[in-house]
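**Student:** this one's sequence-less:
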């Protein structure tokens, strides 16, 4: 059996650019159906979950500052 690289599999599974696009589309759909409707609630929850995946994908602010400091 061939061994697969887990980081390659994860990279193919989740695309940040597509996730941001989906968040935008969900925002438009929420505007159409209304944020207080049942469907709007489901769409807002979905948008929140996708946004949390994007946030988890980013490095922490401390790490970002350290990288900027190292590059200077």
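**Tutor:** Thanks, I have the structure now. None of these values were measured; they are calculated from a predicted model. Residues are numbered from 1 along each chain as shown.

**Student:** what helix or strand is residue 26 on?
**Tutor:** Residue 26 is part of helix 16-33 when elements are defined by DSSP states H and E.

**Student:** Mind giving me the packing neighbours of that helix?
**Tutor:** Applying 3 or more CB pairs under 8 Å, 6 or more residues apart in numbering; DSSP states H and E, one finds that helix 16-33 makes contact with helix 38-57. Bear in mind the C-beta positions are built from the backbone N, C-alpha and C, glycine included.

**Student:** Show me what the helix it packs on is packed against.
**Tutor:** Other helices and strands packing on helix 38-57, by 3+ CB pairs under 8 Å, 6+ apart, are helix 16-33.

**Student:** which residues touch residue 27?
**Tutor:** Residues near residue 27 by CB atoms under 8 Å, 6 or more residues apart in numbering: residue 47.

**Student:** quick revisit: so which bits of the helix holding residue 26 are buried?
**Tutor:** Buried residues in helix 16-33, counted by 16 or more other CB atoms under 10 Å: 26, 30.

**Student:** got the angle between it and helix 38-57?
**Tutor:** Between the axis of helix 16-33 and that of helix 38-57 there is an angle of 160 degrees, by axes from the mean of the first three to the mean of the last three CA atoms, to 10 degrees.

**Student:** Any stretches of this structure with poor pLDDT?
**Tutor:** Low-confidence segments of the chain (pLDDT under 70): 1-12, 57-64, 67-68, 70-72.

**Student:** if we go to 50?
**Tutor:** 1 (pLDDT under 50).

**Student:** where does residue 36 fall, phi/psi-wise?
**Tutor:** When read as degrees, to the nearest 10, the backbone of residue 36 gives phi -90, psi 0.

**Student:** Noted, bye for now.
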